[in-house]
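[1] coordinates for the following, if possible.
(one chain, ligands or ions: 2)
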Amino acid sequence: MIEIQKVFETRVTGAEILVETLAEEGVTTIFGIPGGAISPVYDILSESELTHYLMRHEQAAAHAADGYYRASGTIAVALATSGPGCLNLTTGIATAYKDRSALLAITGQTPTHKIGSDSFQEVELTSIFRPIVKSTALITTPRLVEYMVKKMMRISCSSPPGPVHLDFPRDAQTDATVWLPGFEQSTFPSSPDTPYEEIHILANLLLLSRLPVVIIGGGVVRSHVGADVYHLCHLLNCPVVITLMGKSGFPEYDPLFCGMVGSNGSKYANDIVQQADFVLALGTRFTDRTVWTTEFASRAKIVCVNVENKLGTDLENARILQGDLREVVPLLSELLKNKKIANDWSEKVSEPVDLDFEGPSFHPITALKMIRALFPHDSIFVTDTGQHQLFAANYLPVSEPFTFITSGGMGCMGFGLPASLGAKVARPDRSVVNIAGDGSFLMVCQELATSISSNIPVTVCIFNNGYLGMIRQSQLSCFNRMSQVDLSPSPNYADLAKAFGAVGIKIENLDELLDIEPFPEKTTVVDIPIDPAICVPSHSYSWTKG
Ligand SMILES: Cc1ncc(C[n+]2csc(CCOP(=O)(O)OP(=O)(O)O)c2C)c(N)n1
Ligand SMILES: [Mg+2]
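    Numbers count the residues shown, from 1 in each chain. Ligands and ions are numbered 1, 2, ... in the order given. Got it, this is the predicted structure:
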């Protein structure tokens, strides 16, 4: 009786419940920036076991949490204050949403009695977050904290994953309540039922096809089914291509691998898809980056196995087999296992790419080849957005899942450095390399301070072409002239890195690239001069037609 009384006399604050529930849910890592509206949570964090990384911009906090998930499959928290803090988070949250990456964003909010009064740093957030998260909610009382956190964690991690948001008014953080931990979430979002009959039909279609092709999408990486997919592809013994988000879902040194499809994929991979009579697409929603022509795979039947039941592009010849890849792929392999599988693909011809040259500035492919040779095979490469990203997608082969991280759906400049920091925190055993554009790097270079102060060593390879190169390329091809894409005069990137306490190296000739430490103890920025005249493969942007 006394014990029970004791329990009911013990009151804890909303902030304490939040921190304890996060720990109980297995969260270890938070990226954020404090502020008045979230300071009660920060106060409790100072005595908790959760590790908080102080970022220098909230957008970077969201990208870091996103990079953490993409490198490890484990969720992290992005924490910010009300008003400007949470608004700064939004670009990073939307970037995670577009690429189906899980993270929990928690934002401070003005006290509940002031909500709606246009008070200091008050912005109504759930409306702003709704289109860029799987779920968003306002916690109005400490009694709801545990329930809300657990519910949001389930929603974020269920397939397809995505970011979620909790808005946490300051009084709900400081008010105390009686708390009996251990709330059990009764309604778990579940995977779709296994479509057994459709899987049988699919197996038969594959057996009948003469020119089958497998397209690997980002869902293969996220669902950890790379090994099963590899086995299936080898049973089928047919060409395998990837989407941008599918990169690292299939080993690129494998003889079946034929490159990346889509508007910025290789001609070789796109031609193969155009010849196919059957396309088995795994874990892709066919965005307009992949479906680069209205004639996409026009000779083929397309079956798209995905947990989502909607395609990003209308494809008359495609149908969705909605299911969880973790179930469908092994079942499909089982059905095909002892069957006679033959197709009409002749020996694969290797791509005629050898563009090495050495001059005052480097060809991006040459630089990528050297970077590939320098860093261990399991290094994690994280790109920014632009030409360097697409060169890396096409010419930086990777062979392990989660080793290529890029902003596909949002194409967000400034993603690279903070996402690299998140990836390195998640995988300290790996080399993490940011393939950065000069324009993209300048948007987030303040995060060098985070990397130094928190001791998160990554390598930043700046592909310095002096331009917003991707836009330069599209302007020249659309309008035959340039407008506002020249970044000159560029800062001295090596000196800038040194000013933050990082190592800064300016490459003058190719050999120096080979002297770079592949597993640095301190963040290292390498300035690599790139010839701005070199264009990436581009097969029709929808907007270049107009
Ligand atoms: C935040 C943001 N602003 C603008 C754009 C439009 N954009 C796409 S690529 C690009 C140029 C990127 O330049 P850089 O980082 O130097 O890469 P490069 O193309 O030169 O390799 C721009 C401005 C974008 N994708 N994201
Ligand atoms: Mg550039």
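[2] which ones are touching the closest residue to ligand 1 within the stretch 1-150 of the chain?
    Going by C-beta to the nearest ligand atom, ligand 1 is nearest to T91 of the stretch 1-150 of the chain, at 6.9 Å. Backbone N, C-alpha and C define where each C-beta goes, glycine included. Contact analysis of T91 by C-beta atoms under 8 Å, 6 or more residues apart in numbering lists 59, 62, 410, 412.
[3] part of a strand, is the second one?
    In other words, A62. No. Read with DSSP: H, G, I helix; E, B strand; the rest coil, A62 is helix and lies in no strand.
[4] ok, it touching A78?
    Yes. Contact criterion C-beta atoms under 8 Å: A62 and A78 qualify, at 4.5 Å.
[5] any common contacting residues for the two?
    Common contacts of A62 and A78 (C-beta under 8 Å, 6+ apart): 31, 89, 92-93, 103, 105.
[6] farthest pair in these?
    The largest separation in the shared contacts of A62 and A78, counting by C-beta to C-beta, is between F31 and I93 at 12.3 Å.
[7] V525: which element?
    Per DSSP states H and E: V525 is located in strand 524-529.
[8] tell me the pLDDT of whatever residue of the stretch 201-350 of the chain ends up closest to ligand 1.
    Nearest residue of the stretch 201-350 of the chain to ligand 1 (C-beta to the nearest ligand atom) works out as N264 at 11.3 Å. According to the predicted model, the pLDDT of N264 comes to 91.
[9] residue contacts, it?
    244, 289, 390, 393-394, 536-539.
[10] rerun that using 6 Å as the cut-off
    N264 sits next to 390, 537 when contact means C-beta atoms under 6 Å, 6 or more residues apart in numbering.
[11] could you measure from it over to A392?
    11 Å (C-beta to C-beta, to the nearest Å).
[12] same question for V225.
    According to C-beta to C-beta, V225 stands 24 Å off from A392.
[13] all strands of the stretch 351-500 of the chain, in order?
    Remark: strands assigned in the stretch 351-500 of the chain by DSSP state E, counting those that start in this stretch are 380-383, 404-405, 432-437, 459-464.
[14] quick one, grab the pLDDT at the residue lying closest to D531 once chain neighbours are set aside.
    Excluding its sequence neighbours, the residue lying closest to D531 (C-beta to C-beta, 6 or more residues apart in numbering) is S361, at 4.4 Å. Note on S361: pLDDT of 76.
[15] which residues of the stretch 51-200 of the chain fall in strands?
    51-54, 77-80, 103-109, 135-138, 163-169, 176-178.
[16] so in that sheet, which strands flank the fourth one, and in what orientation?
    The reference is to strand 135-138. Using DSSP bridges, strand 135-138 pairs in its sheet with strand 163-169 (parallel).
[17] alpha carbons only: can I get the partner strand in PDB?
    Taking Å, rounded to 0.1, in the frame of the first residue of the first chain, the C-alpha atoms of strand 163-169 are listed here in PDB:
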ATOM      1  CA  PRO A 163      10.000  11.300 -40.900                       C
ATOM      2  CA  VAL A 164       7.500  12.200 -38.100                       C
ATOM      3  CA  HIS A 165       7.100  15.300 -36.100                       C
ATOM      4  CA  LEU A 166       6.100  16.100 -32.500                       C
ATOM      5  CA  ASP A 167       5.400  19.700 -31.500                       C
ATOM      6  CA  PHE A 168       6.000  20.100 -27.700                       C
ATOM      7  CA  PRO A 169       4.800  23.200 -26.000                       C
END
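[18] centre of the chain versus that strand, how much separation?
    Mean-position distance between strand 163-169 and its chain equals 20 Å (C-alpha atoms, centre = their mean, to the nearest Å).
[19] which other residues reach that strand?
    93, 96-97, 103-107, 109, 111-112, 125, 129, 133-136, 138-139, 148, 152, 155-156.
[20] so it versus strand 103-109, what angle?
    20 degrees (axes from the mean of the first three to the mean of the last three C-alpha atoms, to 10 degrees).
[21] rounded mean pLDDT for strand 163-169, please.
    Strand 163-169 shows a mean pLDDT of 98 in the predicted model.
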